[in-house]
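Engineer: Structure here, sequence nowhere to be found:
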């Protein structure tokens, strides 16, 4: 199977098609997600759901060169939003990391211009109405973000923001420890509930390096491009590459 | 006890004194918001505190990991000498302050009898009064802030309170700096772990594709190559991922092949 012309920016048609396919992918993965529930990782997310009355939460840490590792996701919806930000390389998390400050979007319906237009469209299509991203800091170091979402508009008053900021700070060191432990384990079991580093994505990157004689950066871009073109989640594409069910026989122009 | 003229004058001008104290706190609050040099902060604090209390010089001692006091900073060489002398002799007002956790004021060093060696050294450097203020963190004494005056003079309760407040601020500064350092260490550890894992997975992919192996077998081969060449798995993985080393040389590893 060829990869299609995928390294240019996505067109509107692609995006629309992709939204459609992504939705289906989410719906079909729901039972799987429920089965694979990981209680230990989930426990870091759950205080946010209870204290802040949000529909979903995900916690991820960030390495250098935009390498994110997801510690926990609280629901299939939170999992999809997490995956989207990983695939697209844009979203409230990226903005929070770049600005080192909280990103507050209480009502996506009223957003006209956004630094993350594709994520915005995707989130709306998934029925998400509000998103928040709070930086996790240890001292002066920024180690990741806590991302929250609601399916209705959610007023973010001072109490909500200060509570979430405080809780994100408290979660930071625990999240880093879990990420380091998981990354250092050669046999770490990743699941939809703790996707961690998405090892298959990096294995697939290695396969493309070998098949097409590319640099790691270009190989990863190629995977990302295929996400845009096919509308499939990156985890699924990576899985197919690793199984050799999907072979990139040439570099698309 | 008679206060020297300089102290009386000082109390007549309460407003500028308040302003000086406030300025000291503001200076510290500003530095605490971002990355800062702790020694520089402590030096500034001691300097300002000495100025506010009209003392000649000052220094700050902190306890190290082994539980020993160390001189962190001093505003003059003379003050530094007197501090180091106390550390060496394990005797002096600053040492007693550290042991008891209470502030110790020496109004006239020339008539003090408790620490003969300290008295000699201090007088030689031109100091006639001293004030040692404890630095406490959750009930533990972590150091002392010490001020030395050129004239013999008592310390008012108000001055002692100002010194204690500034010593507390110094303690917060130290605590904050430790948190910041901890954050940097944690960040480095995180980046190292994530980057290593990513490049290892990439290398597994390269080997798996180049030699038609499973990911598990690719990893075993990678690990063997790293061991045989005395490399970390990460370093070996980087060579593979950047195609500096070919998969063929990973596979054929003559001479050193062992089961």
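Structural biologist: Thanks, I have the structure now. From a predicted model like this one, the values you see are computed outputs, not experimental measurements. Numbers count the residues shown, from 1 in each chain, chains lettered A, B, ... in the order given.
Engineer: Okay, buried residues for stretch A:134-149 please.
Structural biologist: Residues A:134-149 are the ones in stretch A:134-149 that count as buried (16 or more other Cβ atoms under 10 Å in any protein chain shown). Quick note: C-beta positions are derived from backbone N, CA and C, even for glycine.
Engineer: right, I mislabeled it, should have said stretch B:107-124
Structural biologist: Under 16+ other Cβ under 10 Å, the buried positions of stretch B:107-124 are B:107, B:109, B:112, B:115, B:118, B:119, B:121, B:122.
Engineer: what's the answer for stretch B:211-227, then?
Structural biologist: B:213, B:215, B:218, B:219, B:221, B:222, B:224, B:225, B:226.
Engineer: Give me the subset of the residues you listed lying in helices.
Structural biologist: If you go by DSSP state H, those have B:215, B:218, B:219, B:221, B:222, B:224, B:225, B:226 in helices.
Engineer: could you dump these to TSV with pLDDT?
Structural biologist: Putting these into TSV (pLDDT from 0 to 100) gives the following:
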residue	pLDDT
B:215	94
B:218	95
B:219	95
B:221	95
B:222	95
B:224	94
B:225	95
B:226	95
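Engineer: Which residues are in contact with the residue lying closest to residue B:69 once chain neighbours are set aside?
Structural biologist: Closest residue to residue B:69 apart from its sequence neighbours, by Cβ to Cβ, 6 or more residues apart in numbering or on different chains: residue B:61 at 4.7 Å. For residue B:61, the contact set (Cβ atoms under 8 Å, 6 or more residues apart in numbering or on different chains) comprises B:69, B:70, B:71, B:72, B:83, B:87, B:94, B:98, B:143, B:144, B:146.
Engineer: Quick check: closest non-adjacent residue to the residue of chain A found nearest chain B.
Structural biologist: The nearest approach of chain A to chain B comes at residue A:206, 2.1 Å away (Cβ to the nearest Cβ). Nearest residue to residue A:206, sequence neighbours excluded (Cβ to Cβ, 6+ apart): residue B:205, at 2.1 Å.
Engineer: Helix or strand: which one has the one you found?
Structural biologist: helix B:157-211 (DSSP states H and E).
Engineer: thinking again about what came up before, tell me which of the buried residues of stretch B:211-227 is nearest to residue A:200?
Structural biologist: Minimum distance to residue A:200 across the buried residues of stretch B:211-227 is 8.8 Å, recorded for residue B:215 (Cβ to Cβ).
Engineer: Isn't the closest one up against residue B:208?
Structural biologist: Yes. Using Cβ atoms under 8 Å, residue B:215 makes contact with residue B:208 at a distance of 5.4 Å.
Engineer: Quick one: residues contacting residue A:238.
Structural biologist: Neighbours of residue A:238 in contact, by Cβ under 8 Å, 6+ apart: A:198, A:200, A:201, A:203, A:204, A:223.
Engineer: Among those, name the buried ones.
Structural biologist: Using 16+ other Cβ under 10 Å, the buried ones in the contacts of residue A:238 are A:198, A:200, A:201, A:203, A:204, A:223.
Engineer: What is the burial count for residue 48?
Structural biologist: You didn't pick a chain, so chain A it is. By other Cβ atoms under 10 Å in any protein chain shown, the residues close to residue A:48 number 26.
Engineer: that answer is for a different chain, and I need it for chain B
Structural biologist: Residue B:48, neighbours per other Cβ under 10 Å, totals 20.
Engineer: Report pLDDT for it.
Structural biologist: At residue B:48, the pLDDT value in this model is 90.
Engineer: How about it: what's its closest non-neighbour residue?
Structural biologist: Nearest to residue B:48 is residue B:24, by Cβ to Cβ, 6+ apart, at 4.2 Å.
Engineer: any idea how far that neighbour is from residue B:52?
Structural biologist: According to Cβ to Cβ, to the nearest Å, residue B:24 and residue B:52 sit 7 Å apart.
Engineer: where do the contact lists of these two overlap?
Structural biologist: residue B:166.
Engineer: you'd agree residue B:25 is up against residue B:172?
Structural biologist: No. Judged on Cβ under 8 Å, residue B:25 makes no contact with residue B:172 at a distance of 10.8 Å.
Engineer: Redo the contacts of residue B:61 as JSON lines? Include pLDDT.
Structural biologist: Formatted as JSON lines, the contacts of residue B:61 follow (pLDDT from 0 to 100):
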{"residue": "B:69", "pLDDT": "91"}
{"residue": "B:70", "pLDDT": "91"}
{"residue": "B:71", "pLDDT": "93"}
{"residue": "B:72", "pLDDT": "90"}
{"residue": "B:83", "pLDDT": "94"}
{"residue": "B:87", "pLDDT": "93"}
{"residue": "B:94", "pLDDT": "95"}
{"residue": "B:98", "pLDDT": "95"}
{"residue": "B:143", "pLDDT": "93"}
{"residue": "B:144", "pLDDT": "95"}
{"residue": "B:146", "pLDDT": "95"}
